[in-house]
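[1] Build the 3D model from these lines:
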Amino acid sequence: TYGCLPQTWEDPEHKDPSTGMLGDNDPLDVVEVGSVPHLCGEVYPVKILGILGMIDEGEMDWKAIAISCDDKLANDINTVADLEKHMPGKVTEIVNWFKYYKVPDGKPVNEFAFDDKAKDADFAMEIIELTHESWKNSENVSKQGLWKP
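    Numbering: from 1, shown residues only. Here you go, the predicted model:
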């Protein structure tokens, strides 16, 4: 399932220190790898496993990797390494999807920071906390023409 983490925002004026890229002006994306499909717009708790640093047309577009807390494998999968153990090739599959999904529309292949490797959950939580703090900054959010309650 693909969605976003509520109350996060990738600030287009914030240069990420690990990649040197500016945010994409969107909420933080999340790829939920569990076995149960969820409804469009459904909000449910997930466990963060890691994060991928996608660079989309020169903008930082983080992709958190998570598993639904109620998934049958949630107790067994706590890290990216656990994910690879239980779902071999899953991270590569995610990377390949995001690299090429815009190519049919004539856009370039997306790149990934960190040699296409996922960073761990601790790194992911730092990015989530940073993007949550960015979301809480109403002045910057409004300056980008976005609405926030």
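[2] Phi, psi for E84 please.
    Torsion angles at E84 (phi, psi; degrees, to the nearest 10) stand at phi -60, psi -30.
[3] correct me, but it touches I94?
    No: counting by C-beta atoms under 8 Å, I94 is not a contact partner of E84; they are 11.5 Å apart. The way it works is simple: take the backbone N, C-alpha and C, and place the C-beta from them, glycine included.
[4] I'd like the average pLDDT over stretch 105-118.
    In this model, stretch 105-118 carries a mean pLDDT of 96.
[5] Quick one: residues in contact with it.
    Under the criterion C-beta atoms under 8 Å, 6 or more residues apart in numbering, residues 18-19, 21, 49-57, 61, 65, 80, 91-92, 95, 98-103 lie in contact with stretch 105-118.
[6] tell me how far that stretch is from the chain's mean position?
    Centre-to-centre, stretch 105-118 and its host chain are 13 Å apart (C-alpha atoms, centre = their mean, to the nearest Å).
[7] end-to-end on it?
    Chord length of stretch 105-118, first to last residue, is 26 Å (C-alpha to C-alpha, to the nearest Å).
[8] follow-up on the earlier one: are any of the contacts of stretch 105-118 buried, and if so which?
    21, 49-56, 61, 65, 80, 91, 95, 98-99 (16 or more other C-beta atoms under 10 Å).
[9] Restricted to strands, list these.
    Per DSSP state E, strands hold the following members of the buried ones among the contacts of stretch 105-118: L49, G50, I51, L52, G53, M54, I55, D56, D61, I65.
[10] any idea which of the buried ones among the contacts of stretch 105-118 is closest to M125?
    Minimum distance to M125 across those is 8.8 Å, recorded for I51 (C-beta to C-beta).
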